[in-house]
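3D, please:
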Amino acid sequence: MNQQMTAALLLFGLCLGSCSQFPPRRYFYVNQPLIWTEAQQYCRAHYTDLAMFENMDDINSLEAPFSYSFAWIGLWDDPNAWKSALGNGTNSWRWSATGETSKTGYKSWNPTNPDYYLGTETCVNLYYDGTWTDVDCSFLCTFICYNVTDQNVKQFFYISTKKNWSSAQTYCRKNYVDLAVIENQEENNKAQRMIPNWDMSWIGLYRVPWIWSGGNQGLFRRWTSSSPSNTGGTRHCVTENNLHNWNDENCNTPHVFICYQVVKKAALVKVTTVTDADLTDPDISAQLLQQLGAVLTSQGWTDFKVRWKNIAKKKDNNENIGH
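Take a look at the predicted model:
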């Protein structure tokens, strides 16, 4: 067993040095103005997807000259995942206490909310009339914390000190369970009755906007100084300009676009090991390949296959000469 594990660790060490940037991407400018969803369909049909950038190395690998004012990339903020419905997307509303989307789907939005006004409103207030509004998380507001009794009943606590959302979250987690989680009308009514007239208080609902077309979120951004702004409440897709900075745009505006293609490469790794195990045994071979596959997956490799390749030994130059 020790000899077999040694072989697996040798493979792991080799992977650490060569797999961190896999899979590499190639980018392609498509000089055909389309709306964002049409551009997405085109890229998926001819390449991998609309362009995704995770760091400056990706940006710097754009080889073709970029003479267009704006081109679609794969970043968007799908309104179906957060507008009106709570949704189940990566950019959907989540509760601070769990980091998960609503279990009941209960919501009490004000008729004009959520609207992601000015591209900044990603936290939620409970208004004194019982409706919810999305608000810039940096605003100073009163807030509501909660505890759970031994009988699994929620207790709400109105805190009159005004804090921004993250500071309110820290306070609630230190002194109670967390910012209020509200999953039905009864709980909403109970929390509402604590709020004085014309006041609004933080609850635990928040979201992280913007995801890539393939579903990844990532934190790398190249916004211009004026974006995102969500002007008119309709800017849910992203373009890149010729300086490689990003703007939010109306998804139904035709633009040229950038696709990416995952570059698939075959790698041959020669492994020398001293072991009593019979590597020609199909069971042992399969087990080692399974372990290697798990290591590659943990290092970010996708869409790959691993297999053994037998390499014939070179004959000794003196072998059989003169016999």
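
just the strands in the stretch 1-150 of the chain please.
25-34, 49-50, 71-76, 94-95, 121-127, 132-136, 141-148 (DSSP state E, counting those that start in this stretch).

Burial-wise, tell me which of these comes out on top.
Here the criterion is mean neighbour count by mean count of other CB atoms under 10 Å, and of these the winner is strand 71-76, at a mean of 26. For every residue, glycine as well, the C-beta is placed using N, CA and C.

Off-centre distance for that strand?
The chain centroid and the centroid of strand 71-76 are separated by 15 Å, computed with CA atoms, centre = their mean, to the nearest Å.

Just want the angle from it to strand 25-34.
Relative orientation of strand 71-76 versus strand 25-34 (axes from the mean of the first three to the mean of the last three CA atoms, to 10 degrees): 110 degrees.

Direction included, what does strand 71-76 pair against?
Partners of strand 71-76 in the sheet, by DSSP bridges, are strand 211-212 (antiparallel), strand 235-240 (antiparallel), strand 255-262 (parallel).

On the three-state scheme, Glu249 is what?
At Glu249 the chain is in strand, as set by DSSP: H, G, I helix; E, B strand; the rest coil.

these two touch, right, Phe156 and Phe143?
No: Phe156 lies out of contact with Phe143 (CB atoms under 8 Å); the separation is 10.6 Å.

hey, what's in contact with both of these two?
Counting by CB atoms under 8 Å, 6 or more residues apart in numbering, the contacts common to Phe156 and Phe143 are Ala180.

Name the spans of this protein whose pLDDT lies under the cut-off.
1-23, 63-68, 264-280, 285, 295-323 (pLDDT under 70).

Of all residues in it, which one is nearest the centre?
Nearest residue to the geometric centre of the chain (CA atoms, centre = their mean): Gln217, 2.1 Å.

Give the partner strands of the host helix or strand of Phe157 in its sheet and their orientations.
Using DSSP states H and E, Phe157 sits within strand 154-163. Strand 154-163 has the following strand partners under DSSP bridges: strand 141-148 (antiparallel).
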